[in-house]
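Colleague: Following is a predicted model, sequence given first.
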Amino acid sequence: MITKMKKLTFLVYHKEYEAFLNGVRELGVVHVAEKQQGVADNVELQDSIRLSSRLQATLKMLHGLSEAKEPTPASAARGLEVLDEVDVLQSEKAKLQQQLQNYQKERAALEPWGDFEPESLSKLHDAGFTVNFYSCSDGSYDVSWDEIYIAMSINRVSSRIYFITITKNVVEVDLDAEQIKLPSYSLTRMQILCQETEQALADNDQKLTVLAGKEQPSLQAALKEVNTEIEFSKVMLNTEATAGEKLMLLQGWAPASKEKEIAAWLDEQHIYYEITNPTPEDNVPIQLNNKGFFAWFEPICRLYMLPKYSELDLTPFFAPFFMVFFGLCLGDSGYGLFLFLAATLYRMFAKNISATMKPILSLVQILAASTFFCGMLTGTFFGVSLYDINIPFLQYMKEHLFMDNNAMFQLSLILGVIQILFGMILKAVNQAIQFGFKYAVATIGWIILLVSCGVGALLPEIMPLGGTVHLCILGVAAAMIFLFNSPGKNVFLNIGLGLWDSYNMATGLLGDVLSYVRLFALGLSGGILAGVFNSLAVGMSPDNVIAGPIVMVLIFVIGHAINMFMNVLGAMVHPMRLTFVEFFKNSGNEGGGKEYKPFKK
């Protein structure tokens, strides 16, 4: 469900405004309404946002280096100093890495020539001789160069020859070979430079690691302070100055349950304020307030979008369907049992589980339980068919629970029809709440038409298709669809829109129902793959007392781990698709609500 909100309007004297905002922030329940044109550009605000981004990036980088082991006391001022230190170290590291790459490249160029001192070449040049360095392929080397240019082979790497020529300074050398210009250092010196640079990089990394181990709390404190300043600046920019900028006008939202608390605090401030109910034109922030089982599915709803304030929160209505759909898509009771035990053991033995992690673990447990019971419909347990085992209890379960592929296919379609009809009922309720009952009449007509056709097809002895009763119901439904499609408009427009609605319903409804076949297909494919890995584990294990079981267990564990990962991914994605596309569409959900974010520290 969506938390009821109250609209707050404050009018504060400009000299008291900053102190008032600090009080509102301490109160921590007011969501400040943004101006329609958005927050204006502000140099200080943009600088703070960039600083926040730098702090977040630095924290992420340091967290990857080391966990905080012996942190120093947190200080926002120290955090900003650490940020500058990290930036200097990062800049130095980038330069060292570039320098090391250059040294390594030059060392690689020197290695084919061996170790010699470049100064010796200068002595030869002073004596009237020039030494040139060349390389070419084996086939391109001309032996006549040995006499003409006093060419001497220095090294041969693979099919490439490295050689030098020694000529008089006045002689021009023109060879069909690649001339190489070597660095002005010896190979030994270049290796020393590489080692020194690598050591400098290691020292740089060590300094970063020390900062990561001690200064992360200070960086977090600085980030929190900067984010607080950003929120404060945004509130200031969303304030409207009135009465010659003497009075500051601010609007916001707060949960209706906090009205008395807010009113009591505002009375103490001696300012003018109003607390009113939202109007249909207001963009009210959304706070979902589901309890227990339904609250666990709120993160899934947020992946799509929040509902508008005037709409129904569909979380409680899709939650049971999603749970069943996940179980059918995964479809193996062994996988469900494994996931349930893994989540349960993690909750029991893990330390410092965050408040946001606990509901996710609860969601994993409930989805795993659904998988276990849905897997019992087909009797699969890690790809093994339990109902093929001649045990009285399992045979009893098979007699009362087992569903073959045909039955599972039909179950998927039936669940699709039920969810789509349920969504249409919610659409009618939503239309009646938002606009009035007459706007829901056409949707109710479609529900009556579809239900009557379903009853006529499944229970012809009660209401045969084409019978008098059925035709009367169809007539009433048609009148509702064609005459109340757009209340308030002329009858011909309603009939035209009704025909268009009929076309969309006829073409779209069948596709929507068939989309639910994926519930059967994913469960079937996952079971087949699990059986394949079992066959591989048995068939590929060698006939050896020691190696055989080891290979069998390895193939079994690795194969089922891959299959479980792929199937869990599919069991999350496809029920989401059915929920966000088929169910939300047929329930008339528009969404687009903005999350309630109170102004607080």
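Modeller: Nice, I can see it.

Colleague: what about the helices in the stretch 351-500 of the chain?
Modeller: If you assign secondary structure with DSSP state H, counting those that start in this stretch, the helices in the stretch 351-500 of the chain sit at 357-378, 392-401, 405-434, 441-458, 468-483, 491-514.

Colleague: In a markdown table: those helices, plus mean pLDDT, distance to E198 and mean neighbour count.
Modeller: C-betas here are computed from N, CA, C, even on glycine. Listed next are the helices of the stretch 351-500 of the chain as a markdown table, based on pLDDT from 0 to 100; distance: least, CB to CB, whole Å; neighbours: other CB atoms under 10 Å:
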| stretch | mean pLDDT | distance to E198 | mean neighbour count |
| --- | --- | --- | --- |
| helix 357-378 | 90 | 41 | 20 |
| helix 392-401 | 85 | 65 | 12 |
| helix 405-434 | 88 | 61 | 18 |
| helix 441-458 | 80 | 72 | 18 |
| helix 468-483 | 77 | 78 | 16 |
| helix 491-514 | 76 | 62 | 14 |
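
Colleague: JSON lines for those helices, including distance to K105?
Modeller: JSON lines is the format used below for those (distance: least, CB to CB, whole Å):
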{"stretch": "helix 357-378", "distance to K105": "48"}
{"stretch": "helix 392-401", "distance to K105": "69"}
{"stretch": "helix 405-434", "distance to K105": "61"}
{"stretch": "helix 441-458", "distance to K105": "72"}
{"stretch": "helix 468-483", "distance to K105": "76"}
{"stretch": "helix 491-514", "distance to K105": "60"}
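
Colleague: Buried ones in the lengthiest helix in the chain, by neighbour count?
Modeller: The residue-count maximum for a helix in the chain (DSSP state H) belongs to helix 76-110. Buried residues in helix 76-110, defined by neighbour count with 16 or more other CB atoms under 10 Å: 76, 78-80, 82-83, 86, 89, 93, 96, 99-100, 103, 106-107, 109-110.

Colleague: those helices in the stretch 51-200 of the chain, which residues are they?
Modeller: In the stretch 51-200 of the chain, the segments counted as helices under DSSP H, counting those that start in this stretch are 76-110, 119-126, 145-148, 187-214.

Colleague: so the longest helix of the chain versus helix 187-214, what angle?
Modeller: 160 degrees (axes from the mean of the first three to the mean of the last three CA atoms, to 10 degrees).

Colleague: Counting by contacts, list what helix 76-110 packs against.
Modeller: In this structure, helix 76-110 packs against helix 43-65, helix 187-214, helix 216-237, with contacts taken as 3 or more CB pairs under 8 Å, 6 or more residues apart in numbering; DSSP states H and E.

Colleague: And the ones you listed: which comes nearest A350?
Modeller: Across those, the minimum distance to A350, taken as CB to CB, is reached by helix 43-65, at 18.9 Å.

Colleague: pretty sure V517 is in contact with Q410, am I right?
Modeller: No: V517 is not in contact with Q410 according to CB atoms under 8 Å; the separation is 10.4 Å.

Colleague: secondary structure element for the residue positioned nearest the centre of the chain?
Modeller: For the chain, the residue lying nearest the average C-alpha position, counting by CA atoms, centre = their mean, turns out to be L303 (8.4 Å). Element membership of L303, judged by DSSP states H and E, is helix 298-304.

Colleague: pLDDT of that helix, averaged?
Modeller: Helix 298-304 shows a mean pLDDT of 86.

Colleague: after it, next one along is what?
Modeller: Per DSSP H and E, the helix or strand that comes after helix 298-304 is helix 315-330.

Colleague: starting at the chain centroid, how far to that next one?
Modeller: Computed by CA atoms, centre = their mean, to the nearest Å, the separation of helix 315-330 from the middle of its chain amounts to 20 Å.

Colleague: now do stretch 419-439
Modeller: Between the centre of stretch 419-439 and the centre of its host chain there is 32 Å, according to CA atoms, centre = their mean.

Colleague: same thing with stretch 576-594?
Modeller: The gap between where stretch 576-594 is centred and where its chain is centred comes out at 19 Å by CA atoms, centre = their mean.

Colleague: ok, now stretch 516-533?
Modeller: In terms of CA atoms, centre = their mean, the gap separating the centre of stretch 516-533 from the centre of its chain is 26 Å.

Colleague: On the three-state scheme, P542 is what?
Modeller: Assigned with DSSP: H, G, I helix; E, B strand; the rest coil, P542 falls in the coil class.

Colleague: what's near enough to touch it?
Modeller: If a contact means CB atoms under 8 Å, 6 or more residues apart in numbering, then P542 has G548, V551 as its contacts.

Colleague: S186 too?
Modeller: L110, D115, F116, E117, P118.

Colleague: State the distance from the nearest residue to the third one once chain neighbours are set aside to G64.
Modeller: Taking CB to CB, 6 or more residues apart in numbering as the measure, F116 lies nearest to S186, with 6.3 Å between them; neighbours along the chain are not counted. Going from S186 to G64 by CB to CB, to the nearest Å gives 39 Å.

Colleague: How about P73?
Modeller: To G64, P73 is 23 Å away according to CB to CB.

Colleague: With G559 instead?
Modeller: In this view, G559 and G64 are 32 Å apart by CB to CB.

Colleague: who has more neighbours, the two?
Modeller: Counted by other CB atoms under 10 Å, G559 and G64 do not tie: G559 has more neighbours, with 20 against 9.

Colleague: State the next helix or strand along the chain beyond the lowest-mean-pLDDT helix or strand in the chain.
Modeller: Of the helices and strands making up the chain, the lowest-confidence element is strand 240-242, at a mean of 70, by mean pLDDT, DSSP states H and E. As assigned by DSSP H and E, the chain's next helix or strand after strand 240-242 is strand 247-255.

Colleague: Are there helices or strands packed against whichever helix or strand comes after that next one, and which ones?
Modeller: Secondary structure here is assigned by DSSP H and E; on that basis, the next helix or strand after strand 247-255 toward the C-terminus is helix 259-269. Using 3+ CB pairs under 8 Å, 6+ apart as the contact criterion, the secondary-structure elements in contact with helix 259-269 are strand 5-13, helix 17-27, strand 272-276.

Colleague: Contacts made by helix 259-269 with the rest, please.
Modeller: Taking contacts as CB under 8 Å, 6+ apart, the residues outside helix 259-269 that touch it are K6, L8, F10, F20, G23, L27, V29, V30, A254, Y273, I275.

Colleague: Swap in 10 Å and give it another go.
Modeller: Under the criterion CB atoms under 10 Å, 6 or more residues apart in numbering, residues 4-6, 8, 10, 12, 16, 19-20, 23-24, 26-27, 29-30, 252, 254-255, 258, 272-275 lie in contact with helix 259-269.

Colleague: Quick one: buried ones out of those?
Modeller: In the contacts of helix 259-269, the ones that pass as buried (16+ other CB under 10 Å) are 5-6, 8, 10, 12, 20, 24, 27, 29-30, 252, 254-255, 258.

Colleague: which one of those residues sits closest to N283?
Modeller: For N283, the closest of the buried ones among the contacts of helix 259-269 turns out to be M5, at 10.9 Å, with distances computed as CB to CB.

Colleague: What separation is there between the closest one and N22?
Modeller: For M5, the distance to N22 under the criterion CB to CB works out to 23 Å.

Colleague: can you check E117 too?
Modeller: When E117 is compared with N22 (using CB to CB), they lie 72 Å apart.

Colleague: follow-up on the earlier one: let's see the helix holding L303 as CSV, backbone CA atoms only.
Modeller: As requested, the backbone C-alpha atoms of helix 298-304 are provided in CSV (Å, rounded to 0.1, in the frame of the first residue of the first chain):
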residue,chain,number,x,y,z
GLU,A,298,9.0,-4.2,-2.9
PRO,A,299,12.5,-4.3,-4.4
ILE,A,300,11.1,-6.1,-7.4
CYS,A,301,8.4,-3.4,-7.8
ARG,A,302,11.1,-0.7,-7.6
LEU,A,303,13.0,-2.3,-10.5
TYR,A,304,10.1,-1.2,-12.7
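
Colleague: Can you list the buried residues in that helix?
Modeller: Neighbour-count burial for helix 298-304 flags E298, I300, C301 (criterion: 16+ other CB under 10 Å).
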